[in-house]
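Enquirer: predicted coordinates and the sequence they were generated for:
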Amino acid sequence: MKIAIIGGGIGGLASALAMTQAGFSVTVYERSKALIDLGAGITLAPNATRVLYHLGLGDELEKTSVTPPKTEYRHYHSAEVIMRLMTKDFKQLYGAPYMRLHRWDLQEAMVKLLNQEAPGALRLGAEVQSVHSDSNQAHLKFADGSVSSADMVVASDGIRSTVRDQLFKPAPATFTGFVAWRGLVDTSLLPRHLHESVVAFGQGRHINRYLVRRGELLNFIAIAHRSQWEAEGWTIPAPMDEFLEEFSNFDEGTRTVISRPAKGQVFKWGLFGRPWLNQWHSGRIVLLGDAAHPMLPFLGQGAANAIEDAIILTRCLKSESTPEKAFDLYQRSRAPRVKTTTEHTERRGERYLGEPTADSLKGEDPGVQYAYDAVNTPLG
């Protein structure tokens, strides 16, 4: 079976690896002319790393990943520790580790492995303009006017998926009232005591910071509650003075960290919610990851669920006789879990709106999320 994958992000590359290893012929179409380092960190819980180890990426990721000994939740102004969570032995508990990575280190490892297993499968500078399918094939039209066909298409083209919009015409995205900033800091520029994993929050704002790339960099994501609309794209440079002013009453350590981003640059974007999509497939075209079920960042499960999608969809394709039957099984297998996670994520954002307390930080045990085994769980 010939499979076309739209999007060379984490979900698309995980799908390409899983499907290649399952014996399918895969081509990944990525619109960017070159894959670039977007300067961002990523947290991967055991439910995600379990799949990545299964795909053969474990050794590469272990070279650069960081697992903090603890995470502290602190009052935004006084830096008082409200809650301290000691890191458990996740591999012993769930059979897979908990990792914090530079996003580029993950993407680079995935591309390297794909190039080894399916040379030429990744096509850069290939922007898909439209897709449609008939009873036998799916057809792609590119921005340069060229066309291609495949037995099926996996659309992993992100939260602003053009394929989702084209096929299903969902209701418009709505601004959630949260604005986010992100940046990376060279830890050689920071005092040693600031090389730590901390969430500082209060008054509708919070800053989550953690080490990546062997501890050489510290990633931060800052979020503030706002009434005004903001652009959605997450690679939009933001004025440093505006950013620092927004968090000027945070504790000294937090202010020190956020004042030293690499190249003096931070990026800003608005967080938008989208209605639940009841149908993820049409004919021989199926959505995956954020294209199917966009998720806010408060649980750190967006990329993890795209990775889970990739292995579950691959298993469904192996078990069913046609893509259409596989897509139906895939959605039945994934929708209940993903919908629950999406709703949980939306509720999680509310904990940062008021004055921080230990009670406001209490939540469900993450074990339900972390123990999920997309490699072996029964389908359907």
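Expert: Cool, got the structure.

Enquirer: quick one, helices of the stretch 51-200 of the chain?
Expert: Using DSSP state H, counting those that start in this stretch, the helices of the stretch 51-200 of the chain run over 58-62, 90-94, 103-117, 162-168.

Enquirer: which of these has the lowest mean pLDDT?
Expert: Note on the helices of the stretch 51-200 of the chain: helix 90-94 shows the lowest mean pLDDT, a mean of 93.

Enquirer: buried ones in it?
Expert: The neighbour-count check on helix 90-94 (16 or more other C-beta atoms under 10 Å) flags 90, 94 as buried. No exception for glycine: its C-beta is placed from N, CA and C like everyone else's.

Enquirer: find the nearest non-adjacent residue to the residue most central in space within the chain, please.
Expert: Central residue of the chain (C-alpha atoms, centre = their mean): Ala303, 2.7 Å from the mean position. Leaving aside its sequence neighbours, Ala303 sits nearest to Ile10 (C-beta to C-beta, 6 or more residues apart in numbering; 5.0 Å).

Enquirer: Ile221 sits in which helix or strand?
Expert: strand 217-225 (DSSP states H and E).

Enquirer: okay, now the sheet partners of that strand, with direction.
Expert: Here strand 217-225 has these sheet partners by DSSP bridges: strand 174-186 (antiparallel), strand 205-212 (antiparallel).

Enquirer: moving C-terminal from that strand, which element do we reach first?
Expert: Heading C-terminal from strand 217-225, the first helix or strand you meet, by DSSP H and E, is strand 237-238.

Enquirer: now do the end-to-end distance for stretch 200-207.
Expert: End-to-end span of stretch 200-207 (C-alpha to C-alpha, to the nearest Å): 5 Å.

Enquirer: list the beta-bridge partners for the nearest residue to Val185 once chain neighbours are set aside.
Expert: Distance criterion C-beta to C-beta, 6+ apart; nearest residue to Val185, sequence neighbours excluded, is Leu218 at 4.6 Å. Going by DSSP bridges, Leu218 is paired in beta bridges with Val185, Leu211.

Enquirer: so how far is Leu184 from Leu218?
Expert: Distance of Leu218 to Leu184, computed by C-beta to C-beta, to the nearest Å: 7 Å.

Enquirer: shared neighbours of these two, anything?
Expert: Common contacts of Leu218 and Leu184 (C-beta atoms under 8 Å, 6 or more residues apart in numbering): Val212.
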